[in-house]
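Trainee: Build me a structure from this.
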Amino acid sequence: MARGQRKSIDEKIQQKKEIIEKLQQRIETEQDGLNALLRQKQEEYYKNIVNILIDAEMDEYEVTEAIKEYKSNKKIAV
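Mentor: Numbers count the residues shown, from 1 in each chain. Below you'll find the predicted structure:
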């Protein structure tokens, strides 16, 4: 049986370079998608915190003091 013409080493090198370039582009695309999801998760986290604070009717000073007190009590408990 006759086979196709064998590829030269330069053709094989070029083929591998093209594969690597496509994979790098895919990685960049996937990284962009991951970053978008991470931003979305962070935004939801902050929205939840803001909603809790709104429901509690706490201002910035009260929140800061409550967190300081929590941290202080946590250190004592350890």
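Trainee: Let me see the confidence value for residue 78.
Mentor: What the model reports as pLDDT for residue 78 is 56.
Trainee: ditto for residue 16
Mentor: Looking at residue 16, its pLDDT stands at 98.
Trainee: what helix or strand does it sit in?
Mentor: Taking DSSP states H and E as the definition, one finds residue 16 inside helix 9-56.
Trainee: next structured bit after that helix?
Mentor: Heading C-terminal from helix 9-56, the first helix or strand you meet, by DSSP H and E, is helix 60-77.
Trainee: helices and strands around that next one, which ones?
Mentor: Applying 3 or more Cβ pairs under 8 Å, 6 or more residues apart in numbering; DSSP states H and E, we find helix 60-77 packed against no helix or strand. All C-beta spots, glycine's among them, are computed from the backbone N, C-alpha and C.
Trainee: tell me the angle that helix makes with helix 9-56.
Mentor: Relative orientation of helix 60-77 and helix 9-56, computed by axes from the mean of the first three to the mean of the last three Cα atoms, to 10 degrees: 100 degrees.
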